[in-house]
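[1] Show me how the following folds:
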Amino acid sequence: MHTVSAAEKIILNHALDLGWEEVPLGETLGRILREDLVADRDFPPFDRVTMDGIAIQHEEFAQGRRSFAIAGVQAAGSPQQQLSDPTGCIEVMTGAMLPVGTDTVIQYEQLKIENGKATLLAESVNFRQNIHFKGIDRKAQDRIVAKGKKMGPAEIATAATVGKSVLRVSRLPRTAIVSTGDELVGVDETPLPHQIRSSNAFAIQALLQEQYGVKSKLFHYPDTREAIQAGLSEIFDSFDLVVLSGAVSEGKYDFVPQILQTLGVEKCFHKVSQRPGKPFWFGALAGKAVIFALPGNPVSAFMCACRYLLPFLSHSLAESRRGPEMAMLMEKVTFNPALTYFLPVRLESGTEGVLQAYPLPGHGSGDLANLNDADGFLELPLDQDVFLPASVFPLHRYRF
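    Now for the predicted structure:
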């Protein structure tokens, strides 16, 4: 049986080499950038006015002038004007170019304007105030966003600003999500007393799409060796990533490990010293697919997807990742088995930005409803059985 860290290392060593593709800017949300976003000109590209008001020469104010004749209006998006008479001013709008011959902007709230003149009401005016100067944010050819970054709203705005209507991003894996079990029925069906509606496949599908934009195809096979083997043999020819849930333990109908071996899949490990999710199986079919065979219990399957499948995708997509997120345990927890314990927790922001984790252990690996109250899993190490408040542990969140 492998430890959590050993299992993770094996999984990351089997990351897919997916390459890249070019995608229209509007379709890049959540995708991993495979090129640097570089400033095509200075940011901002001109001395930009940041307040509606007037632009003056500060020297005139310093010499005692308080009233300025208005020589014109500089609107945002209009060519740059010039103040020829230093005793005058030009009205300026937010976002406009600072007129030539001016160096200071005074907002309307500090002015009285009548009869074509602007009279200053404020007692002091700072030199070069209310101006966003050319190139102060970035210079032309500066890198603004590095490749490996996940595209969010800020990155998309930057790409638009530098004129990138098409972006190079990591190609997404062709993904199949497979559920097994005679006890499962469709979402729109009424289950008999001995049945439940299928949920694992939808949870994993949503997790992958939310985090990385991965679109997947769902499959379901009944608990027969023939049906599972026939289905998987077809799937392996068409998908890069196959995620199964169910039939991986040691029950009479847990056929998946034997079927995968029959189909030529190399077993990298089966069973991890953790709770939930101990029966987790992982392997690869050379030249075809990587296979995650997760336990069938909903909390187990979901935890394994968060803890192992998401990092695997991050590595395969060449994402630049930060260090592990940590959270402070807020209540005492006792866990006696010599297993890594993934404890469901509710998160709150504490003092000084410390993330606080409140235990929500629920009623075991079948307690799907408990996941709705929690925000993530706190990873408690296997080398201790008492975990005290104020201790800090790795966090694997699924709600942001």
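[2] Identify the bridge partners of Ile54.
    On the basis of DSSP bridges, Ile54 is bridged to Glu91, Ile106.
[3] quick one: contacts for it?
    Applying CB atoms under 8 Å, 6 or more residues apart in numbering to Ile54 gives the contacts Phe68, Ile70, Cys89, Ile90, Glu91, Val92, Val105, Ile106, Leu111, Ala118. Where C-beta positions appear, they are placed from N, C-alpha and C, glycine not excepted.
[4] All the helices of the stretch 101-250 of the chain, residue numbers only.
    For the stretch 101-250 of the chain, the helices defined by DSSP state H, counting those that start in this stretch occupy 153-161, 200-212, 225-235.
[5] Please identify the deepest-packed of those.
    Most buried of the helices of the stretch 101-250 of the chain, by mean neighbour count (mean count of other CB atoms under 10 Å): helix 200-212, with a mean of 19.
[6] per-stretch mean pLDDT over the helices of the stretch 101-250 of the chain, give me the minimum one.
    Lowest mean pLDDT within the helices of the stretch 101-250 of the chain: helix 225-235, at a mean of 92.
[7] Now for Ser314, how many residues are close by?
    19 (other CB atoms under 10 Å).
[8] same deal with the one 4 residues further on?
    The burial metric for Ala318, expressed as a neighbour count using other CB under 10 Å, is 18.
[9] pLDDT wise, what is it at?
    We note a pLDDT of 96 for Ala318 in this prediction.
[10] you'd agree it is up against Ile32?
    Yes - in this structure, Ala318 is within contact of Ile32 by CB atoms under 8 Å, at 6.2 Å.
[11] who touches both of the two?
    Taking CB under 8 Å, 6+ apart as the contact rule, Ala318 and Ile32 both touch Gly148, Ser170.
[12] quick one on the thing from earlier: just flag the most distant two among the contacts of Ile54.
    Of all pairs drawn from these, the one with the longest distance (CB to CB) is Ile70 and Val105, at 13.9 Å.
[13] Of those two, give the one with the bigger neighbour count.
    Per other CB under 10 Å, whichever of Ile70 and Val105 has more neighbours is Val105, with 26 against 15.
[14] ok, now how distant is the nearest residue to that one once chain neighbours are set aside from Ala157?
    Nearest residue to Val105, sequence neighbours excluded (CB to CB, 6 or more residues apart in numbering): Asn130, at 3.7 Å. From Asn130 over to Ala157 the distance is 23 Å, taken as CB to CB, to the nearest Å.
[15] and what of Tyr341?
    For Tyr341, the distance to Ala157 - CB to CB - is 41 Å.
[16] Phe393 now?
    Taken as CB to CB, the span from Phe393 to Ala157 is 35 Å.
[17] cool, and Ala15?
    The value you get for Ala15 to Ala157, if CB to CB is used, is 30 Å.
[18] Same check on His396?
    29 Å.
[19] rewinding a little: for PyMOL, write the selection for the buried entries among the contacts of Ile54.
    To isolate the buried ones among the contacts of Ile54 in PyMOL, judged by 16 or more other CB atoms under 10 Å, type:
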select buried, resi 68+89+90+91+92+105+106+111+118
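[20] wait, isn't Asn336 in contact with Asp385?
    Yes - assessed by CB under 8 Å, Asn336 is found in contact with Asp385 at 4.9 Å.
[21] who has more neighbours, those two?
    Asp385 (13 against 8).
[22] Show the pLDDT at that one.
    Confidence score, pLDDT, at Asp385: 94.
[23] Number the residues from 753 up from this point.
    Understood, numbering begins at 753; the last thing we discussed is Asp1137.
[24] I figured it hits Phe1087, correct?
    Yes - contact criterion CB under 8 Å: Asp1137 and Phe1087 qualify, at 5.8 Å.
[25] Can you tell me the closest non-neighbouring residue to Leu1065?
    Spatial nearest neighbour of Leu1065, excluding adjacent residues (CB to CB, 6+ apart): Tyr964 at 5.4 Å.
[26] show me what contacts that neighbour?
    Taking CB under 8 Å, 6+ apart, we find Tyr964 in contact with Gly782, Arg783, Ile784, Lys902, Leu924, Leu1065, Ser1066, Leu1069.
[27] Residues contacting the helix or strand of the chain with the lowest mean pLDDT, please?
    The helix or strand of the chain with the poorest confidence is strand 948-949; it has a mean of 80 (mean pLDDT, DSSP states H and E). Applying CB under 8 Å, 6+ apart, the contact partners of strand 948-949 are Glu935, Leu936, Val937, Gly938, Val939, Glu941, Pro943.
[28] Which residue is the nearest non-sequential neighbour of the fourth one?
    When you say that, I think you mean Gly938. Residue nearest to Gly938 in three dimensions, not counting chain neighbours: Ser950, with 6.6 Å by CB to CB, 6+ apart.
[29] Tally up the residues packed near that neighbour, please.
    Around Ser950 there are 20 other residues, counting by other CB under 10 Å.
[30] Assess the claim that it and Ser931 are in contact.
    Yes - in this structure, Ser950 is within contact of Ser931 by CB under 8 Å, at 5.4 Å.
[31] quick revisit: gap between the residue nearest to Gly938 and Pro1050?
    According to CB to CB, Ser950 and Pro1050 sit 10 Å apart.
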